[in-house]
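Enquirer: Pasted the sequence and its predicted model underneath.
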Amino acid sequence: MVKRKKRKPKADEKITSVLGVAWYRKEQWERLREVSVDSDMLEATYEEWKTNAELGLRRLEKPGIVVRKVDVDLEELLHWCNAQKRPVDGEARALFAAAKLREMEEGRE
């Protein structure tokens, strides 16, 4: 597998969007599949998911768009879903990642 360097915005390139991608932990993958109501939509193994996620990251990289991996701790996700009265599904995982990204970005300012 060829490793590509992350594309950094050029000095004169305006950043128009920051996208967050939920990044799961290998040791929590099986538990994520157990608690997700849409587990049939998740890859069977962490390795499959990671390969697909890395391909997705590369597809999202475009001029003006910064893509950030958002670390997802499963217990934190479960707590968030319970507080939001949401099932653990793709939409909830995406919303959680977006909320975490906002926190990350606010910390950079």
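Expert: That came in fine, so what should we check first?
Enquirer: Give me the buried positions along whichever strand or helix holds Ala97.
Expert: Per DSSP states H and E, Ala97 falls inside helix 90-108. For helix 90-108, burial by neighbour count (16 or more other CB atoms under 10 Å) applies to 92-93, 95-97, 100-101. Every residue, glycine included, has its C-beta placed from N, CA and C.
Enquirer: Distance to Thr45 added to the residues you listed, as a markdown table?
Expert: Shown next, in a markdown table, are these (distance: CB to CB, whole Å):
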| residue | distance to Thr45 |
| --- | --- |
| Ala92 | 22 |
| Arg93 | 17 |
| Leu95 | 25 |
| Phe96 | 22 |
| Ala97 | 21 |
| Lys100 | 24 |
| Leu101 | 26 |
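Enquirer: Would you tell me which one of these comes nearest to Glu47?
Expert: Arg93 (18.8 Å; CB to CB).
Enquirer: can you redo the buried residues of helix 90-108 as CSV with pLDDT and distance to Glu34?
Expert: CSV is the format used below for the buried residues of helix 90-108 (pLDDT from 0 to 100; distance: CB to CB, whole Å):
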residue, pLDDT, distance to Glu34
Ala92, 97, 15
Arg93, 97, 14
Leu95, 96, 20
Phe96, 97, 17
Ala97, 96, 19
Lys100, 95, 22
Leu101, 94, 25
